[in-house]
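J.: what would the 3D arrangement of this be:
(3 chains)
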Amino acid sequence: MTGAAPKRLPLLRGLARRPWFARAIVIAALFAVWEIAARWFVDPLFLSPPSEVVASLDKVFGTRGVPAALQLTLFELTVAFGLAVAIGLALGLAIGLQPLVRRSFFPIVLLLYGMPQVTILPLFILFFGIGAASKIAFGVTHGVFPVIVTVVAGVQNLKPILLTSARSMGASRWQIFRHVIFPHMVPSFFAGMRLGMSGVLLGVLLAELYVSIAGIGYFTTLFTQNFDPTKLLGLISVLAAMAILLNAVVRRAENRFARRRAE
Amino acid sequence: MADERTESPLPRKWSRAGRGASRLIQAGFLVGLVVIWYLAATRWGVNRLLLPNPVAVYDNLLDILRSGEFVGDLQTTLGELAVAFAISAAGGVTLGYVISRSRYWIAVFEPLFAAIYSIPIILFLPLFVLFFGLGPASKIALGAAISFFPIVINTIAGFGNVDPLFVRVARSMGASDYHLFRHVLLPAASPVILTGLRMGFTVALLSIIGSETLASLAGLGYHIVHLAEAMEMARMYAYIVFVIAIAVALNAVVSRLEARGKRD
Amino acid sequence: MATSEVAIRVRGVFHRFGEEGEQRFVRALVDTSLDVGEGELLCLIGPSGCGKSTLLNIMGGLMAPSSGTVEARGQLVHGPLPRDIAFVFQENSLFPWNTVIENIELGMVFQGVAKSERAARAAEALAAVGLKEFAQHYPAQLSGGMRQRAALARALSLKTPILLMDEPFGALDEQTRMILGEDLSVLLAESRKTIVFVTHSLGEAVFLADRVAVFSARPGSIKQVIEIDEPHPRRPEFVTSAKFTSLRNQLYGLLHDEIRKAVQQSSAGDTGRTGMGSA
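T.: Down below sits the predicted model:
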């Protein structure tokens, strides 16, 4: 990374040395291109400039049913995440702690992890209906696998000397789990949670978009069919912001935890 | 030494039995699942509309393969995949190389790309559909957009992390820019780039099938939805198995290519 | 030695890893017998791979020998004896997510020490090894030598009569070893524990031990036991004395051929089998 700018240089040149500043310029430039293209070059049926999108956000929220759909989506995301983490932790521990169980079931887990789950999305909707249950379920199946895999890895890469040492001091199996295996595994678990959140976001949003007669999917379909790029962009931006925020929350939790331990 | 210290006091026979036992358990688990499926569909009265008879699914699968009705959809999907990947690979590697030439630009763009990639870009599908319509163009555009990121991120990492020592040595022997690229940078960076290309391919396939499922008139993903809406459950299950098999096969081929490329 | 004076009695221990015919088959120890007296410091020294660490683990109940018996303070050893035997390992065995003092107290939790006593014992042990100011540090923040001191403090806080140390200073540089060796000698002179200490270093063995058991190359057995008759605590001047040099030379003479043999073994992939062609 660049070092601190010498104080003699004018402020602008100093700022330009910082990558974050250049990044902000790049992002601003992209928005500018978008604005110009949408205003003067592209048919307004297909694209809206960001200025209009922002101005019309209140209309998006004003559309009946949109706030409720957004709230429901947020609800589905949090529930799916909680379930994915809890189930993933439980399964990960069950698989990781016992060598025979791990050798038998971990390959199955990996197989499922690599499967293109989007192919069974219609099945989920048929099974669970068009309500929140199917979205949550689909989110959980996307988010649970990274958690399982990282928990298993965390339990696996424990240095054998630490187990030997604990054993030599008379630790019981429960004590070994609570005082050695668990604290060791926690950082991997947090990394898994971060990946799990990405998975949950993908699963829930995919399911929402698929169901075009209720929820967010209804409105994306509506705005698309009505050729209303302004409202469509507005809605999608809100969802994207939700995704960015949730990711950031989980990442912040991971960093705070990692800072405590200087491994 | 480490071996001696950490040998566990488990009786030797137990750990040897483990190897065969795990295979048995896996086989038993999978067989058990199929058995439960069969019983649930035929004896336990689970709604036939949700869970078709596995035998019927199998028959449908054979029929699909025999009749070749998948060919059109397969062509559509693979065609979209090929174009999307070609675009993202060419664009991603080129842009990645250009950015990697400067530490500064790496620091500017890499976090930007990583941040964008961390959200589900398929969210923007409705926009692409609005712009390009329900045809292949929107799938190609989305597929290219999504798979662009792992490729560019990995390319930046690959070229950016070449040990400067190698560059110094080559320069000291008089290497030109072209020599440097072809004989130092490219070989050093290619393992990481190949991984990025593999990831991009996988992600492109997933997003194309996904966008066909969400909003399309043709393609493998679309066909599954079509069968679901027609409530042809056994055939839908069969088609799902077929598509998963295709995806797994494609991924296996790409992984093999990646490994091959790394070996040389 | 009379039974009451024997802290650890090793009888006829054989140990092998893997089965004959397997690639990883190794004959580590053959027919090893040894008595460790109460309150003595016995060093096990020998070439790489001669089985001295294996013997230490067997003595402490971390491994069961393929055949033979070990008794510690009269009871048969078939598992760890946390109240009688404490270990110090060469590898860093402190838990990285705990501070130094948390590590020491955790050892006592495992052993079963009452909560009220733990803080006092931990402080005492830390003071004994000179790490009082580092109680709240994490192992990653300490140097290698300090980490081993902390590991030693943890073992001391368990107040076991027997201490088994497996090349505790092996990963440290020469100067740190020297200092730690001197400090250890002072510490142990006061505590009267029975200690078995594995090392590679001739000087360390002569400086610290009452007796030194010299191992042969693999398959390991005890070639000879040398007595070192010098009062504890050993003073730094001992190292430069003629007595030290002659003892060290004696050890060297015993070890040199074994070390050569061990080097040949490792390059030829010998597993200690005798009279058999390659599989």
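J.: what's the closest non-adjacent residue to residue 191?
T.: I'll assume chain A. Leaving aside its sequence neighbours, A:Ala191 sits nearest to A:Thr150 (C-beta to C-beta, 6 or more residues apart in numbering or on different chains; 5.5 Å). From N, CA and C alone the C-beta is placed, and that goes for glycine too.
J.: oops, wrong one, chain C.
T.: Closest to C:Ser191 by C-beta to C-beta, 6+ apart is C:Leu156, at 7.6 Å.
J.: got the CA coordinates for stretch C:217-234 in CSV?
T.: Only the C-alpha atoms of stretch C:217-234 are listed here, as CSV (Å, rounded to 0.1, in the frame of the first residue of the first chain):
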residue,chain,number,x,y,z
ALA,C,217,20.9,-46.6,16.9
ARG,C,218,17.6,-48.1,15.8
PRO,C,219,16.3,-50.6,16.9
GLY,C,220,16.9,-48.8,20.2
SER,C,221,18.1,-50.2,23.4
ILE,C,222,20.2,-48.9,26.2
LYS,C,223,23.8,-49.3,25.4
GLN,C,224,25.3,-48.0,28.7
VAL,C,225,24.5,-45.8,31.7
ILE,C,226,27.0,-43.3,32.9
GLU,C,227,27.1,-41.8,36.3
ILE,C,228,27.7,-38.1,36.9
ASP,C,229,28.8,-37.6,40.4
GLU,C,230,28.5,-33.8,41.0
PRO,C,231,26.3,-32.0,43.5
HIS,C,232,23.2,-30.0,42.6
PRO,C,233,22.7,-27.2,41.7
ARG,C,234,25.3,-27.4,39.0
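J.: quick one: buried residues of it?
T.: Applying a neighbour-count criterion of 16 or more other C-beta atoms under 10 Å in any protein chain shown, one finds C:217-223, C:226, C:228, C:230, C:234 buried in stretch C:217-234.
J.: so which of those belong to strands?
T.: Among the buried residues of stretch C:217-234, the members found in strands (DSSP state E) are C:222-223, C:226.
J.: nearest to chain B, of the residues you listed?
T.: C:Ile222 (17.0 Å; C-beta to the nearest C-beta).
J.: burial count for the residue nearest to the closest one when sequence neighbours are not counted?
T.: Nearest non-adjacent residue to C:Ile222, counting by C-beta to C-beta, 6+ apart: C:Ala213, 5.1 Å away. Counted with other C-beta atoms under 10 Å in any protein chain shown, residues neighbouring C:Ala213 total 23.
J.: again with the one 3 residues further on
T.: Burial measure for C:Ser216: 21 neighbouring residues, criterion other C-beta under 10 Å.
J.: who's in contact with it?
T.: Residues near C:Ser216 by C-beta atoms under 8 Å, 6 or more residues apart in numbering or on different chains: C:46, C:50, C:222-223, C:258, C:261.
J.: any weak-confidence spans in the chain?
T.: Picked chain A for this. Applying pLDDT under 70 to chain A flags residues A:1-10, A:12-13, A:15-16, A:258-263.
J.: um, chain C though
T.: Using pLDDT under 70, chain C drops low at C:1-4, C:269-279.
J.: which bits of it sit near chain A?
T.: C:60, C:62, C:80, C:82-83, C:85-87, C:89, C:91-93, C:95-98, C:106-107, C:109-112, C:138, C:140-141, C:158 (C-beta under 8 Å from any C-beta of the partner chain).
J.: narrow these to those that are buried.
T.: C:60, C:62, C:80, C:82, C:85-87, C:89, C:91-93, C:95-98, C:106-107, C:109-111, C:138, C:158.
J.: ok, now how distant is the residue sitting nearest the centre point of chain A from chain C?
T.: Closest to where the C-alpha atoms of chain A average out (C-alpha atoms, centre = their mean) is A:Ser198, at 2.5 Å. Noted for A:Ser198: a distance of 26 Å to chain C, by C-beta to the nearest C-beta, to the nearest Å.
J.: I figured that residue was touching A:Ile244, is that so?
T.: No. Taking contacts as C-beta atoms under 8 Å, A:Ser198 lies outside contact range of A:Ile244: 11.4 Å.
J.: anything in contact with each of these two?
T.: What both A:Ser198 and A:Ile244 touch, as defined by C-beta under 8 Å, 6+ apart, is the set B:Ser118.
J.: for A:Ala133, what is the enclosing helix or strand?
T.: Assessed by DSSP states H and E, A:Ala133 sits inside helix A:132-156.
J.: which strands or helices does that helix pack on?
T.: helix A:66-97, helix A:99-113, helix A:121-128, helix A:182-210 (3 or more C-beta pairs under 8 Å, 6 or more residues apart in numbering or on different chains; DSSP states H and E).
J.: enumerate every residue touching residue 66.
T.: Assuming you mean chain A. Per C-beta under 8 Å, 6+ apart, neighbours of A:Val66: A:60, A:219, A:235.
J.: please go with chain C instead
T.: Going by C-beta under 8 Å, 6+ apart, the list of residues near C:Ser66 reads C:14-16.
J.: returning to that earlier point: reformat the contacts of C:Ser216 as CSV; add distance to B:Ser118.
T.: Converted to CSV, the contacts of C:Ser216 look like this (distance: C-beta to C-beta, whole Å):
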residue, distance to B:Ser118
C:Gly46, 56
C:Cys50, 54
C:Ile222, 62
C:Lys223, 64
C:Glu258, 59
C:Lys261, 59
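J.: out of those, which two sit at the greatest distance?
T.: C:Ile222 and C:Lys261 (15.5 Å; C-beta to C-beta).
J.: close to chain B: what parts of the stretch 151-263 of chain A are there?
T.: Residues of the stretch 151-263 of chain A lying near chain B (C-beta under 8 Å from any C-beta): A:160-161, A:164, A:198, A:201-202, A:205-206, A:209-210, A:220-221, A:223-224, A:227, A:229, A:232-233, A:236, A:239-240, A:243-244, A:247.
J.: B:Ala245: which element?
T.: helix B:233-263.
J.: actually, B:Ala188.
T.: helix B:186-214.
J.: show me where chain C has strands.
T.: Under DSSP E, chain C gives strands at C:6-17, C:26-37, C:41-45, C:67-72, C:75-76, C:85-88, C:162-166, C:194-199, C:211-215, C:222-227.
J.: any residues of the stretch 101-250 of chain C in contact with chain B? List them.
T.: C:Asp166.
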